[in-house]
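A.B. asks: A structural model of the following input is requested.
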Amino acid sequence: MAANLLRTDIMKRSFQFASVATALMAFVSLAAPARAVTAVDTTPASAQVSLTQATSISIGWRVTTNSAGSVTLVSAQGRFRTPSGALLATVASPLSRTITGPATVTFFESVLVPADILTRAQREGHDQVVYERSFTDGVTAGGQVVLRIVTGNIANFGISRALLVFDDDAVLRIVSGGATLTAKAQVAFTGNGLLQGVWEVAGPNPNSVKPEWRTLSHVLQGLTGAESTVLTSPALPTRAGGAYLVRLRIVAPAGMSEIPPLRYQIDTSRGLP
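C.D. replies: Sure, this is the predicted structure:
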């Protein structure tokens, strides 16, 4: 009798221990975030491509992963497809980077779109194709750029003119300390592609020969369709008195002459709480 009671007690305790262990494992499973690429965004989201000639497009792939620690993001190849999903061609150029996650990083790629795959797509009744990539760190997510087919030639992507002004279109400003101030770049371009640039500021009272520029923000802007656009800077520093310079330094496309900077003055005798 005592032996039976002892066996029953041991079985009960074993069942209780197993139940607790199972609950703990389920909790840990729920609490631990899954390792995964969670989003892939593209700049530009769409572009025009020519039916009569190969077209070069520049793409920024913005990839977000929630994986913690050291992780390698990989895209083995790019793929051209019709809107219905039929494969037209592959681009055997891998993209890869090792980062510390969780993080969001941008891969840059220049792709030549052959005219013959556009002809094939058009014969099947399509007026556009897509270029896609999948990125993985163990779990995969993908993004795509829509390529609209046009019959004429497309000019090579380039910046033809860029002018800096302040938010009121003035080229020189004197403002109170702590005032809100921004600059904007009026950019004229040809073709379509990816503009990369950096908003930079120097001051107060920078060296007139060799200013020490510091970064305000990075610019990543897809340009397509229209022939001009306006890029606005983040808020400019205005709390410390003195003279300042602000500029937009264009990194890509190459070949653009340096845009003359703007100058502004902060008067701390008024403003500032």
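
A.B. asks: number of nearby residues for residue 71?
C.D. replies: Residue 71 has 20 neighbouring residues, counting by other C-beta atoms under 10 Å. Glycine gets a C-beta too; all of them are placed from N, C-alpha and C.

A.B. asks: quick check: it is in a strand.
C.D. replies: Yes. Judged by DSSP: H, G, I helix; E, B strand; the rest coil, residue 71 forms part of a strand.

A.B. asks: list the beta-bridge partners for residue 187.
C.D. replies: Beta-bridge pairing of residue 187 under DSSP bridges involves residue 162, residue 229.

A.B. asks: how much space between it and residue 256?
C.D. replies: According to C-beta to C-beta, to the nearest Å, residue 187 stands 10 Å off from residue 256.

A.B. asks: same question for residue 85.
C.D. replies: Here the criterion is C-beta to C-beta. By it, residue 85 lies 39 Å from residue 256.

A.B. asks: give me the more crowded residue out of these two.
C.D. replies: residue 256 (19 against 7).

A.B. asks: okay, that one: pLDDT?
C.D. replies: The per-residue pLDDT reported for residue 256 equals 74.

A.B. asks: in terms of helices and strands, where is it?
C.D. replies: Following DSSP states H and E, one finds residue 256 outside all helices and strands.

A.B. asks: okay, and the beta partners of residue 62?
C.D. replies: Judged by DSSP bridges, the bridge partners of residue 62 are residue 41, residue 106.

A.B. asks: swap in residue 214?
C.D. replies: residue 201.

A.B. asks: shouldn't it be in contact with residue 202?
C.D. replies: Yes. Assessed by C-beta atoms under 8 Å, residue 214 is found in contact with residue 202 at 7.1 Å.

A.B. asks: looking at the two now, which is surrounded by more residues?
C.D. replies: Neighbours per residue (other C-beta under 10 Å) separate residue 214 from residue 202, with residue 202 holding more: 19 against 10.

A.B. asks: chain neighbours aside, what residue packs nearest to that one?
C.D. replies: Among residues not flanking residue 202 along the chain, residue 211 sits closest, at 3.6 Å (C-beta to C-beta, 6 or more residues apart in numbering).

A.B. asks: now do the contacts for that neighbour.
C.D. replies: Counting by C-beta atoms under 8 Å, 6 or more residues apart in numbering, residue 211 touches 202, 203, 245.

A.B. asks: for residue 173, see how far away the second one is.
C.D. replies: Using C-beta to C-beta, one gets 13 Å for the distance from residue 203 to residue 173.

A.B. asks: kindly report the same for the last one.
C.D. replies: When C-beta to C-beta is applied, the distance between residue 245 and residue 173 equals 12 Å.

A.B. asks: intersection of neighbour lists for these two?
C.D. replies: Joint contacts of residue 245 and residue 173 (C-beta under 8 Å, 6+ apart) are residue 262.

A.B. asks: the more surrounded of the two?
C.D. replies: Taking other C-beta under 10 Å, residue 245 and residue 173 do not tie; residue 173 has more neighbours (21 against 17).

A.B. asks: residue 182 is in contact with the more buried one, correct?
C.D. replies: No. At 10.4 Å, residue 173 does not count as touching residue 182 under the criterion of C-beta under 8 Å.

A.B. asks: common neighbours of those two, please.
C.D. replies: In contact with both residue 173 and residue 182: residue 166, using C-beta under 8 Å, 6+ apart.

A.B. asks: and residue 263, what does it touch?
C.D. replies: Contacts for residue 263 (C-beta under 8 Å, 6+ apart) come out as 172, 243, 244, 245.

A.B. asks: how far off centre is the helix or strand where it lies?
C.D. replies: Secondary structure assignment for residue 263, by DSSP H and E: strand 262-271. Centroid separation for strand 262-271 versus its chain: 34 Å, with C-alpha atoms, centre = their mean, to the nearest Å.

A.B. asks: given it, what are its sheet partners and their directions?
C.D. replies: Here, using DSSP bridges, strand 262-271 pairs with strand 172-177 (parallel), strand 242-252 (antiparallel).

A.B. asks: cool, thanks, talk later.
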